[in-house]
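J.: how would this look folded up:
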Amino acid sequence: AFVGPPSDPSLKSFPKNYMLHLRLHNDDVHTFDEVIDALHEPRHRRNQALNPDDPQNQSLVSLREAANDMTHHVDADGQVTVKSYSSLHAAMQGFRRLKSRGLHCSVVSTAQTDMEHRARSLSSWLAEISAAHPAAAVLV
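T.: Numbering: from 1, shown residues only. As a prediction, the model looks like this:
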């Protein structure tokens, strides 16, 4: 029996609620305009004119105002989620686009972001308990 070539696992989609998130991290090297341009400009202006529907030719962030907001957010909070993806291949394309501009970025899973959210919630809860009474603070 003929067995076809193995499919590339990076092209497969994830389960319904599982996504990969492209994060941009703050640095002290790039200007606001450089970051905004990296988020908003199409990858290949020339190719975009020829084939504007190709996802590789589209901006990571469609509106310049949204790119501006994300840039301010990353400056204030240290990181921002730029885009979410349902395949490893697509997430790595976004990652490479930001890296090619020298920006610090990462790809994290939904499971990772869920753990981070739980850790922040737990930390806030423990801070509230500690503030309630000095004896509770000693226990925490």
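J.: In contact with residue 72, which residues?
T.: Applying CB atoms under 8 Å, 6 or more residues apart in numbering, we find residue 72 in contact with residue 32. For every residue, glycine as well, the C-beta is placed using N, CA and C.
J.: and what of residue 18?
T.: 109-111.
J.: Then residue 74?
T.: By CB under 8 Å, 6+ apart, the contact set of residue 74 is 24-26, 35, 80.
J.: Out of those residues, list just those in helices.
T.: Applying DSSP state H to those, the entries found in helices are residue 35.
J.: As JSON lines, the contacts of residue 74 with pLDDT would be great.
T.: Below are the contacts of residue 74 laid out as JSON lines (pLDDT from 0 to 100):
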{"residue": "24", "pLDDT": "97"}
{"residue": "25", "pLDDT": "97"}
{"residue": "26", "pLDDT": "96"}
{"residue": "35", "pLDDT": "95"}
{"residue": "80", "pLDDT": "97"}
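J.: so which pair among the contacts of residue 74 is furthest apart in space?
T.: Using CB to CB, those span at most 10.9 Å, a distance reached by 25 and 35.
J.: When the two are compared, which one has more neighbours?
T.: A side-by-side neighbour count of residue 25 and residue 35, using other CB atoms under 10 Å, places residue 35 first with 24 against 13.
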